[in-house]
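Trainee: Fold the stuff below for me.
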Amino acid sequence: MTDRIAAELAEVCAAFRIEGELTGYEIITTGNINTTYRVDFRRSGDGTEKSYIAQMVNTYVFKNPLLIMSNIDHVTEHIRAKGTDKACLHFHHTDSGANHYSNTHGCFWRLCNYIDSVTYDICNDPEILRRAGRAFGEFQMQLSDFDASKLHETIPDFHNTQKRLDRLFDDIRQDPCGRAGAVREEIEYIDFLRSTVTELGELLAKGELSLRVTHNDTKVNNVLFERHTAEPLTVIDLDTVMPGLVMHDFGDAVRSAANTAAEDERDLSAVRFDLDLYRAFSEGFIGRISRVSSAAQSLTEREIDTMALGALTITVELASRFLDDWLTGDRYFKTAYDGHNLDRARCQLRLASDMTAKYGEMRSIVKEIASGGRKFFTVKLHKPVLIGQQP
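Mentor: Take a look at the predicted model:
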């Protein structure tokens, strides 16, 4: 093979000590940030075929790729050392022991094992969600004995809800684009929930919650499933792994998985938080039906009791980010049309309002799954209010 991409991929694989002949490659189109290839090699000696994943990291988005790769190395090697019989990610190393390589063009590359599998970009199948929950719960179990302080905070204050809301209300006061007057209802609703959704940060500051290794992008399509049985194999896309709260991982997963509508749905009557899908993911994540491990074994009572609060917190936090971006001129999130970020914000706020109405059931479902009869702390939520009603 003589084309430019093949030559660059051959150079990258050689840097990671892959021996043999590059026989083909295929670009992987899923994912919007990094450039990813499956590369196929015929091994020297026995002539067997083996595939790898070569990925060129987008250093415009990920400003600190060395810190990211340090985190990935810590996490993947810790999991591999446990000797799991499941497939797990392994990032190859260069002669100097680095799990990354910068070529002569200044591109930042990494190489890991290829796992034959399928993913689900959109899924409303409770069984698949249950299995996805199991995969993320197992990820937590595998790292429950890892000291999260060894990891770098690659995105400072990523889920610092208090700072996110402080920034929003600062921008509301400044109103650089003159848009705040059109969203008074949305602003009042976020302000109404403000003391509730900042509670996790307060509990962390008091020492009642602990930082763990968190994934921070717990979408279903970040789980690889076995092609024929749909059994979960491993969790991927570890660029955002860093210290965090497990409730944020759980909350972000169910926020997306249990929403009955698209993230930018304009018909708010179609936006609903589906408790059956929430239960399915919870069963997998908390570990009630897991054959391999139980995430509940590694979680404290306080963590279990604030899982539902994590879902509401992440939903309001994301709504505030969309709204803030719209108020300041749509500079962060990509948009497809004028008002796209406002539609996204309203969709998340509608989802949050449905969560508040179902909050007691959400907490009960998690407690039922986790343990029958254990004593739990009480997290008080303000009286439920649907968006469009005055609190």
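Trainee: Now do the helices in the chain.
Mentor: For the chain, applying DSSP state H gives helices covering 4-15, 65-81, 126-142, 161-174, 184-197, 199-205, 246-257, 275-286, 301-305, 307-327, 340-357, 359-370.
Trainee: which residue sits farthest out from the middle of this structure?
Mentor: Ranked by distance from the centre of the chain (C-alpha atoms, centre = their mean), the top residue is G45, with 41.0 Å.
Trainee: mind checking the end-to-end distance for stretch 236-243?
Mentor: One end of stretch 236-243 sits 17 Å from the other (C-alpha to C-alpha, to the nearest Å).
Trainee: buried ones in it?
Mentor: In terms of neighbour count (16 or more other C-beta atoms under 10 Å), stretch 236-243 has its buried residues at I236, D237, L238, D239, T240, V241, M242, P243. For every residue, glycine as well, the C-beta is placed using N, CA and C.
Trainee: so where's this structure uncertain?
Mentor: Applying pLDDT under 70 to the chain picks out residues 1-2, 288-297, 372-391.
Trainee: Now the residue most central in space within it: phi and psi?
Mentor: Centroid-nearest residue in the chain, with C-alpha atoms, centre = their mean: D217, separated by 1.0 Å. Main-chain torsions, D217, degrees, to the nearest 10: phi -150, psi 60.
Trainee: same check, this time on C177
Mentor: Dihedral angles (degrees, to the nearest 10) for C177: phi -110, psi 0.
Trainee: ok, it touching D330?
Mentor: No: C177 is beyond contact range of D330, at 9.0 Å (criterion: C-beta atoms under 8 Å).
Trainee: neighbour-wise, which of the two wins?
Mentor: D330 (17 against 12; other C-beta atoms under 10 Å).
Trainee: So the more buried one is in contact with G339, correct?
Mentor: No: the pair D330 / G339 is not scored as a contact, 9.1 Å apart, by C-beta under 8 Å.
Trainee: For H92, list the residues it contacts.
Mentor: F16, R17, I18, Y52, N99, L111, C112, N113 (C-beta atoms under 8 Å, 6 or more residues apart in numbering).
Trainee: and the fourth one, bridged to which residues?
Mentor: Residues in a beta bridge with Y52, per DSSP bridges, are V39, N113.
Trainee: ok, V197 - how many residues close by?
Mentor: 25.
Trainee: Pull the contacting residues for it.
Mentor: T161, L165, L309, L312, T313, V316, E317 are the contacts of V197 under C-beta under 8 Å, 6+ apart.
Trainee: give the contact list for Q140.
Mentor: R212, V213, V246, D249, F285, A295, S298, L299.
Trainee: Neighbours of the fifth one, how many?
Mentor: In this case it means F285. With other C-beta under 10 Å as criterion, F285 counts 32.
Trainee: show me what contacts the closest residue to R134 other than its chain neighbours?
Mentor: In space, R134 comes closest to G284 once its chain neighbours are excluded; the distance is 3.7 Å by C-beta to C-beta, 6 or more residues apart in numbering. Shown in contact with G284 (C-beta under 8 Å, 6+ apart): L129, R130, R131, A132, G133, R134, A135, F136, G137, S290.
Trainee: you'd agree the third one is up against V235?
Mentor: Think R131. No: the criterion here is C-beta under 8 Å, and R131 misses it with V235 at 11.9 Å.
Trainee: Overlap in contacts, those two.
Mentor: Joint contacts of R131 and V235 (C-beta under 8 Å, 6+ apart) are V223.
Trainee: quick one: which of the contacts of G284 has the most company?
Mentor: G133 (32 neighbours).
Trainee: Give me the distance between the closest residue to that residue other than its chain neighbours and A253.
Mentor: Closest residue to G133 apart from its sequence neighbours, by C-beta to C-beta, 6+ apart: G284 at 2.6 Å. The gap separating G284 from A253 is 10 Å, by C-beta to C-beta, to the nearest Å.
Trainee: What of V223?
Mentor: V223 is 10 Å from A253, by C-beta to C-beta.
Trainee: Overlap of the contact sets of these two?
Mentor: A132, F136.
Trainee: For D40, give me its contacts.
Mentor: So D40 contacts L22, T23, G24, Y25, E49, K50, S51 (C-beta under 8 Å, 6+ apart).
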